[in-house]
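**Student:** Fold the following.
(one chain, ligands or ions: 1)
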Amino acid sequence: MKLAIIGAGLSGVMAYKYFKEMSYVESVKVFEIKDSCDFLKSHTALLRIKSVEIVNLLKCRYKKIKIEKNYLSDGVLKQTPSIKDRNDYSKKVIGAIHSRSIGSISEYSDRYLIDLSSVKIEESDFNFNTDYYSCSEKFDAVISTIPLFSILEKESIHTEAIFKSTPVETVTADVKIDMELDL
Ligand SMILES: Cc1cc2nc3c(=O)[nH]c(=O)nc-3n(C[C@H](O)[C@H](O)[C@H](O)COP(=O)(O)OP(=O)(O)OC[C@H]3O[C@@H](n4cnc5c(N)ncnc54)[C@H](O)[C@@H]3O)c2cc1C
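**Tutor:** Numbers count the residues shown, from 1 in each chain. Model (predicted):
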């Protein structure tokens, strides 16, 4: 089977690593509109993953850590959310009251810090600076990981669905790192 994957973000690279190993897959081609795999090479955010399955799939360098969360409410750092805090948080992130992870905030849990630059890919499988939709090559199967809005536009799919969104705020802060993050 000839497989195409659209997008070389985290999902695209995960799909690539998974299907590359499958005996029934004759070839995998990844199409990425950006001009390099900067996601893997110069991703600067600290990626914290919950599932070890992802670490095993990517076969990357990682460090297992224990995390404990706090939240800031009215200028006070808290760890035991009241019902009001839970509801306020849920309304803030999804605009409605639902069960959110803030409910288990006081529990320690495991996470994996992963080093994306250590993910091994065969560069020849990747077509950078290439919009899949302008490529004439035919594939037996296509996995798209691009945003839903882009898929609808590219496939000329009209929908009456309304995608709601609310503005986000970003705060930048200097963080003092007091642990060795060498993965
Ligand atoms: C500040 C921040 C911190 C985060 N921290 C974490 C974290 O700690 N842990 C965690 O798990 N997640 C984290 N996330 C979320 C995580 O980064 C995203 O969920 C993830 O990167 C989404 O990956 P994706 O592959 O689905 O999408 P994307 O990364 O958006 O990948 C889609 C790719 O498709 C390409 N593309 C688009 N159109 C086309 C086309 N026509 N042809 C070819 N290519 C195309 C795009 O260029 C892009 O590279 C964080 C997000 C942010 C913003």
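
**Student:** Following element in sequence after the helix or strand bottoming out on mean pLDDT in the chain, please.
**Tutor:** Within the chain, confidence by mean pLDDT, DSSP states H and E is lowest for helix 38-41 among all helices and strands, at a mean of 66. Remark: after helix 38-41, the chain's next helix or strand is strand 47-49, criterion DSSP states H and E.

**Student:** At which residues are the helices of the chain located?
**Tutor:** Per DSSP state H, the chain carries helices over the ranges 10-20, 38-41, 52-58, 83-94, 148-154.

**Student:** Tell me which stretches of the chain form strands.
**Tutor:** 2-6, 27-31, 47-49, 61-67, 71-73, 76-78, 109-115, 126-127, 141-144 (DSSP state E).

**Student:** what's the closest of those strands to residue 102?
**Tutor:** Closest to residue 102 of these is strand 71-73 (C-beta to C-beta; 6.6 Å). For every residue, glycine as well, the C-beta is placed using N, CA and C.

**Student:** Quick one: mean pLDDT over the closest one.
**Tutor:** For strand 71-73, mean pLDDT is 87.

**Student:** what packs against it?
**Tutor:** Other helices and strands packing on strand 71-73, by 3 or more C-beta pairs under 8 Å, 6 or more residues apart in numbering; DSSP states H and E, are strand 76-78, helix 83-94.

**Student:** Around whichever residue of the chain sits closest to the ligand, how many other residues sit close by?
**Tutor:** Nearest to the ligand, among the residues of the chain, is residue 9, at 2.2 Å (C-beta to the nearest ligand atom). Residues near residue 9, counting by other C-beta atoms under 10 Å, number 15.

**Student:** Verify the stated contact: it with residue 144.
**Tutor:** No - counting by C-beta atoms under 8 Å, residue 9 stays clear of residue 144, with 11.3 Å between them.

**Student:** neighbours around residue 149, how many?
**Tutor:** 9.

**Student:** Without its sequence neighbours, what residue ends up closest to it?
**Tutor:** Spatial nearest neighbour of residue 149, excluding adjacent residues (C-beta to C-beta, 6 or more residues apart in numbering): residue 163 at 7.1 Å.

**Student:** close enough to count as contact, that neighbour and residue 147?
**Tutor:** No - contact criterion C-beta under 8 Å: residue 163 and residue 147 do not qualify, at 10.3 Å.

**Student:** what pLDDT does residue 135 get?
**Tutor:** Residue 135 carries a pLDDT value of 89.
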